[in-house]
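Q: A predicted structure for the sequence below; I have some questions about it.
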There are 2 protein chains.
Amino acid sequence: MRSIPAPKTKRGLARRAKILRAAEEVIGQSGFSAATIADITRAAETALGTFYIYFTSKEEVFHELVLEMGRTTRASVTQAVAGAADRLEAERAGLRAFLSFVEERPALYRIVEEARFVDPDAYRDYFSSFAEAYADQLRAAAGAGEISEGDAEVRAWALMGVAKTLGERFVLWDDTPDLERVVDSAFALIRDGLAPAR
Amino acid sequence: MRSIPAPKTKRGLARRAKILRAAEEVIGQSGFSAATIADITRAAETALGTFYIYFTSKEEVFHELVLEMGRTTRASVTQAVAGAADRLEAERAGLRAFLSFVEERPALYRIVEEARFVDPDAYRDYFSSFAEAYADQLRAAAGAGEISEGDAEVRAWALMGVAKTLGERFVLWDDTPDLERVVDSAFALIRDGLAPAR
């Protein structure tokens, strides 16, 4: 995909960022096909032509938003997990951070899901690179005895599936999400599984 | 959505089913917007006009496919689970049945995911009704001591997230899916969690 180099001035960076935020809202709301560049520049309170100073197409803005979701979720989970005493505590903190992120940026969640159809390579890259880093951490934690041994790759994807689905059901669909309940219950399942006490 | 009553003759039922199968392939492959009714009737080896004997619109066919995914996954999971000795065994059998279903009908998986954007009510209904029945079973199993106590609703959605995400990653994306590996590893996580042995 052809793309325009990032602007060099502060003002340019701010205008590009404003267009991206507007695109996030508009595409998250209407979906990729229905959203027009005119809708985006209107929401950004800028002239239609300004869009083309920073982006070549709607596809490019969309792609950029998927990359941003990747960078931002990863940064917010990494930060949340940094202070955790061990991997189990990190699992809990990471899940909580992800659900909070979905609450703050619901449009980005929808955009990444729509990428499955609009920009499948970006969709795959987003989840695959997250999963790879996640599996590395699970492997290291099992090595250190902080969690049990197990297939780190399958575990990483399974746990991502938990976070993603709970985010949709209990954050996007609920008017007043109760994150504590969801994190507590899901974490109990992640830590101990379904097996009855022996 | 307006819909045409099901045909009364065997021949009519067979032709309607053939169009549905063709729609599943074509829409699963090209996505809802790109797929045309002409593509569908061509794949069904029938005249364009025949489509309108059975369906009013592409939207109606799509909706019908989402309903079918609901009926069929539920039937295949229920059947797989019927012989299980207890809930843990049922979890394993259900996960296996779902992944096999994704392997057999990959297009349906994509159609349900696209429903998030094309037919959001059908999307929600599909997952919500599945989750409700699932939570009931988890509640009953906890009552019977077959699994530990826990929030059945959060558990149901979390476990659906596991199945759905593993289906995408290890069935849809893999040329030669290794279902046994995925089922074994995921089931170990579902049963025992990540906690190290004490």
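A: Sure thing, it's come through.

Q: use CA for all of it now, contacts and neighbours both
A: Will do.

Q: over to the closest residue to A:A35 other than its chain neighbours. Which of the three states is it?
A: Nearest non-adjacent residue to A:A35, counting by C-alpha to C-alpha, 6 or more residues apart in numbering or on different chains: A:I27, 5.5 Å away. Of the three states, A:I27 takes helix under DSSP: H, G, I helix; E, B strand; the rest coil.

Q: was I right to think A:I27 contacts A:D39?
A: No. Look at A:I27 against A:D39 with C-alpha atoms under 8 Å: they stay out of range, at 9.2 Å.

Q: more neighbours: which of these two?
A: A:I27 (26 against 17; other C-alpha atoms under 10 Å in any protein chain shown).

Q: and the more buried one, what's its pLDDT?
A: A:I27 is assigned 96 on the pLDDT scale.

Q: could you check how far it is from chain B?
A: 12 Å (C-alpha to the nearest C-alpha, to the nearest Å).

Q: that residue and A:A156, how far apart?
A: For A:I27, the distance to A:A156 (C-alpha to C-alpha, to the nearest Å) stands at 29 Å.

Q: same check on A:T176?
A: Taking C-alpha to C-alpha, one finds A:T176 at 29 Å from A:A156.

Q: ditto for A:A6
A: 34 Å.

Q: quick check: residues of chain A near chain B?
A: Within chain A, the positions lying close to chain B (C-alpha under 8 Å from any C-alpha of the partner chain) are A:31, A:88, A:114, A:117, A:145-151, A:154-155, A:157-166, A:169, A:182, A:185-186, A:189-197.

Q: thinking again about what came up before, so which of A:T176 and A:A156 has more stuff around it?
A: Taking neighbours as other C-alpha under 10 Å, A:T176 and A:A156 compare with A:A156 leading, 22 against 10.

Q: in which helix or strand would I find the more buried one?
A: helix A:152-167 (DSSP states H and E).

Q: enumerate every residue touching A:L159.
A: A:I190, B:V162 (C-alpha atoms under 8 Å, 6 or more residues apart in numbering or on different chains).

Q: what angle separates the helix holding A:A156 from helix B:152-167?
A: 130 degrees (axes from the mean of the first three to the mean of the last three C-alpha atoms, to 10 degrees).

Q: average model confidence for helix A:152-167?
A: Average pLDDT, helix A:152-167: 98.

Q: alpha carbons of the helix or strand following that helix, as CSV, please.
A: Remark: after helix A:152-167, the chain's next helix or strand is helix A:179-192, criterion DSSP H and E. Output of helix A:179-192 as CSV, limited to C-alpha atoms (Å, rounded to 0.1, in the frame of the first residue of the first chain):
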residue,chain,number,x,y,z
LEU,A,179,-15.2,-5.1,34.6
GLU,A,180,-14.4,-6.3,38.1
ARG,A,181,-17.0,-9.1,38.0
VAL,A,182,-15.8,-10.2,34.5
VAL,A,183,-12.1,-10.0,35.4
ASP,A,184,-12.6,-11.9,38.7
SER,A,185,-14.7,-14.7,37.2
ALA,A,186,-12.5,-15.1,34.1
PHE,A,187,-9.3,-15.0,36.1
ALA,A,188,-10.6,-17.7,38.4
LEU,A,189,-11.2,-19.9,35.3
ILE,A,190,-7.8,-19.1,33.8
ARG,A,191,-6.0,-19.9,37.0
ASP,A,192,-7.9,-23.0,38.2
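
Q: isn't A:A115 right next to A:Y123, touching?
A: Yes. A:A115 lies in contact with A:Y123 (C-alpha under 8 Å); the separation is 5.3 Å.

Q: identify the contacts common to these two.
A: Common neighbours of A:A115 and A:Y123 (C-alpha under 8 Å, 6+ apart) are A:V66.

Q: where does chain A dip in pLDDT?
A: Of all residues in chain A, those with pLDDT under 70 make up the ranges A:1-2, A:198.

Q: please, where are all the strands along it?
A: Assigned by DSSP state E, chain A shows no strands.

Q: would you map the helices across it?
A: In chain A, the segments counted as helices under DSSP state H are A:10-30, A:37-43, A:48-54, A:58-82, A:87-104, A:106-118, A:120-143, A:152-167, A:179-192.

Q: which one of those helices is the most hemmed in?
A: Comparing the helices of chain A by mean neighbour count (mean count of other C-alpha atoms under 10 Å in any protein chain shown), helix A:152-167 comes out on top with a mean of 24.

Q: tell me how far it lies from the chain's centre.
A: How far helix A:152-167 lies from its chain's middle: 13 Å, per C-alpha atoms, centre = their mean, to the nearest Å.

Q: cool, and stretch A:189-198?
A: That offset, for stretch A:189-198, works out to 28 Å (C-alpha atoms, centre = their mean).

Q: for stretch A:84-95, same thing?
A: The chain centroid and the centroid of stretch A:84-95 are separated by 18 Å under C-alpha atoms, centre = their mean.

Q: who's in contact with it?
A: A:77-78, A:80-82, A:138, A:141, A:146-147, A:163, A:183, A:187, A:191, B:194-195.

Q: all set, thanks.
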